[in-house]
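Novice: Sequence and computational prediction follow.
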Amino acid sequence: MLSEEEKQIVQAFPQPFTLHRSHKQPTPILFDSPHSGRCYPDSFIQASRLDAMTLRRSEDFFVDQLFAAVPKLGANLLCAEFPRAFLDVNREPYELDPSLIAGKLPRIANTRSIRVAGGLGTIPRVVTEGRNIYRKKISYAEALARIKQLHLPYHRKLSELLDEAFAAAGFAVLIDCHSMPSLAGSETGGRAVDFVLGDRFGSSCSAKLTQLVRDKLTELGYFVVLNKPYAGGYITEKYGDPKHGVHALQIEINRALYLDEDSLRKSRGFKKLQADLTELSRSIIETAPVLLAPSRDYRNAAE
């Protein structure tokens, strides 16, 4: 039976995520956009000391649309519908901030992570610019309702899709899609960083996959760096296990390439970037299976 807090979450987000299924026989590649949700419940805005525009500063604006061609190319695309400022699925489920949540937290809560210290736990206390979101503390019952109705279902679906891919092909790839403020892509050697690829310093995916993505983006004219300042979050850490055939790579896109960061509207660069990311996605979907598929001997041994 749902608590009153859970009922409110279900009412606000009857569909916590959208799965855009492949139009073709799906490949072992899965794309996800965990931070592009842009549904802000009135109750959330009323509980905040910030206006809706400021709350959106934590959003990965239109990343789901940048990768919209993925299903036509043969891969699944999973997108969160709830905003990151409300709940962040790129955190542990119980990475909770005692300065935000009233009352005693259970033992399962991780209250000491660096992300919690920065106000960016599972239930964020601040938006990207470090501005406090809430007028007052929220109850643990409210936090738990968000976790149970949003965080856990999202990860169940992500796990299910990766399991399906692995069962069919003997390996799976997760491309975790994000955007970063232009200031995060500060100039390196006189040139702004366009993309940051995060493979947790080689621990979350094969170097072949990272190199494939880096080479393709470079070929398209972009400046790409690895792991700095973003090496990958909870999603790449949780799912990336290349020794056992599951590869997770985070892609961070400089918002200045496609967004007016003041008005939060698409810029003239949006269509070009979308076309380039379609080309990148096609390259990943077509080439990654060749690079990462288990050998025939491996499959025979598994059988």
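Specialist: Arrived safely, thanks for sending. Numbering: from 1, shown residues only.

Novice: shaky segments in the stretch 101-250 of the chain?
Specialist: 184-190 (pLDDT under 70).

Novice: All the strands of it, residue numbers only.
Specialist: For the stretch 101-250 of the chain, applying DSSP state E, counting those that start in this stretch gives strands covering 101-102, 138-139, 172-180, 195-198, 224-226, 246-254.

Novice: I'd like the ones you listed as a markdown table, with distance to L277 and mean neighbour count appended.
Specialist: From N, CA and C alone the C-beta is placed, and that goes for glycine too. Shown next, in a markdown table, are those (distance: least, CB to CB, whole Å; neighbours: other CB atoms under 10 Å):
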| stretch | distance to L277 | mean neighbour count |
| --- | --- | --- |
| strand 101-102 | 37 | 18 |
| strand 138-139 | 36 | 16 |
| strand 172-180 | 9 | 25 |
| strand 195-198 | 10 | 24 |
| strand 224-226 | 13 | 17 |
| strand 246-254 | 8 | 25 |
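
Novice: what's the closest of these to S43?
Specialist: strand 138-139 (11.1 Å; CB to CB).

Novice: What strands flank the closest one, and is each parallel or antiparallel?
Specialist: strand 101-102 (parallel) (DSSP bridges).

Novice: if we can go back for a sec, now tabulate the strands of the stretch 101-250 of the chain in a markdown table and tack on distance to E129.
Specialist: Converted to a markdown table, those look like this (distance: least, CB to CB, whole Å):
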| stretch | distance to E129 |
| --- | --- |
| strand 101-102 | 22 |
| strand 138-139 | 21 |
| strand 172-180 | 14 |
| strand 195-198 | 19 |
| strand 224-226 | 23 |
| strand 246-254 | 17 |
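
Novice: Out of these, which is closest to S267?
Specialist: strand 246-254 (11.8 Å).

Novice: Skip ahead from the closest one and say which helix or strand is next.
Specialist: strand 259-260 (DSSP states H and E).
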